[in-house]
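In: only geometry, no sequence info:
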């Protein structure tokens with residue numbers, strides 16, 4: 001994994017290489033099997049993405065047909081996910097090429113097979129800055145930066161703050177409705193899996209009966225990841241952050257991805273010992289969703305929005 005202060009290597013992107021040169025077994029691209037994807041996750045973690053241990057299982061169930069690999073001699077050499085959340089919104093991620101096979105056009109060839117899966121849907125992505133110009137060639141428009149904060153926890157209260165409580169199944173409807181004010185499309189089924197996946201811990205904050213924020217923390221190869229963290233106010237976000245991290249020991253490694261327009265997210269992350277590691281660029285093909293980043297303190301995951 002990339003440690004704080006280092007910058008992940010850029011992924012191979014559309015338009016970055018010539019047409020594929022088939023090997024003895026030829027090059028093909030198509031829907032990935034669940035057995036192939038751990039290899040893709042290992043590539044992502046090598047690039048510094050620190051993918052949560054159970055992320056793929058949750059994401060795959062959202063749209064099993066939305067994960068693609070390019071194969072050379074039957075072995076994956078490129079990947080891309082284009083997951084359809086709904087009839088009008090998709091999110092693209094995991095655009096990766098095996099380092100041993102970069103610059104040969106396999107990424108572009110996989111892209112051309114995968115992108116039609118979204119149909120006419122708006123597509124969102126978080127792309128590396130060095131590939132921003134390539135994405136623009138395919139109709140994507142930049143909106144804002146997403147900042148990865150990583151570090152070791154400091155500055156936390158000794159006990160979890162009042163007002164944050166563990167999420168239970170009875171909260172699901174309220175959380176799904178609240179999530180919709182942040183995310184471009186309803187995703188209740190996804191949230192039900194995300195909130196209850198192995199190792200995932202979720203907290204919510206209430207003012208009376210009104211939900212004012214929720215967050216999730218999960219284990220990852222580098223320690224733990226927070227995402228999403230949605231909150232009405234910086235005070236709500238701080239309480240949720242501290243409730244989520246209360247079980248972790250001092251100096252525990254942690255990361256989160258925060259939209260730059262939410263300036264209070266940077267203050268919270270830095271106050272708890274995290275630092276800017278790298279950034280991506282949020283882009284959309286099609287109209288940018290009305291649900292903006294202004295109140296989001298941490299996104300769910302860079303490959304899924």
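Out: Yep, that arrived. Just so it is clear, the structure is predicted and the values come from calculations on it, not from any experiment.
In: from here on, just use CA atoms for contacts and neighbour counts.
Out: Fine.
In: the stretch 101-250 of the chain: helices as residue ranges?
Out: Secondary structure of the stretch 101-250 of the chain, counting by DSSP state H, counting those that start in this stretch: helices at 106-114, 132-137, 172-180, 188-196, 234-245.
In: how far does stretch 203-216 sit from its chain's centre?
Out: Its chain's C-alpha centre lies 22 Å from the corresponding centre of stretch 203-216 when counted by CA atoms, centre = their mean, to the nearest Å.
In: repeat that for stretch 231-239.
Out: On the basis of CA atoms, centre = their mean, the separation between the geometric centre of stretch 231-239 and that of its chain is 21 Å.
In: and what of stretch 33-53?
Out: The answer for stretch 33-53 is 13 Å, by CA atoms, centre = their mean.
In: any idea of the mean pLDDT in it?
Out: Averaged over stretch 33-53, pLDDT sits at 93.
In: ok, now stretch 125-139?
Out: Computed over stretch 125-139, the mean pLDDT rounds to 94.
In: gap between the two ends of it?
Out: 12 Å (CA to CA, to the nearest Å).
In: rewinding a little: which of the helices of the stretch 101-250 of the chain is buried the deepest?
Out: Of the helices of the stretch 101-250 of the chain, the one with the most neighbours on average (mean count of other CA atoms under 10 Å) is helix 106-114, at a mean of 25.
In: what helices or strands is that helix leaning on?
Out: Contacts defined by 3 or more CA pairs under 8 Å, 6 or more residues apart in numbering; DSSP states H and E place helix 106-114 against strand 27-31, strand 67-72, strand 75-84, strand 89-97.
In: in CSV: those, plus distance to residue 242 and mean neighbour count.
Out: Converted to CSV, the helices and strands packed on helix 106-114 look like this (distance: least, CA to CA, whole Å; neighbours: other CA atoms under 10 Å):
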stretch, distance to residue 242, mean neighbour count
strand 27-31, 40, 19
strand 67-72, 35, 25
strand 75-84, 32, 25
strand 89-97, 29, 24
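In: make a markdown table from those strands and add distance to residue 143 to it.
Out: Converted to a markdown table, those look like this (distance: least, CA to CA, whole Å):
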| stretch | distance to residue 143 |
| --- | --- |
| strand 27-31 | 29 |
| strand 67-72 | 25 |
| strand 75-84 | 19 |
| strand 89-97 | 15 |
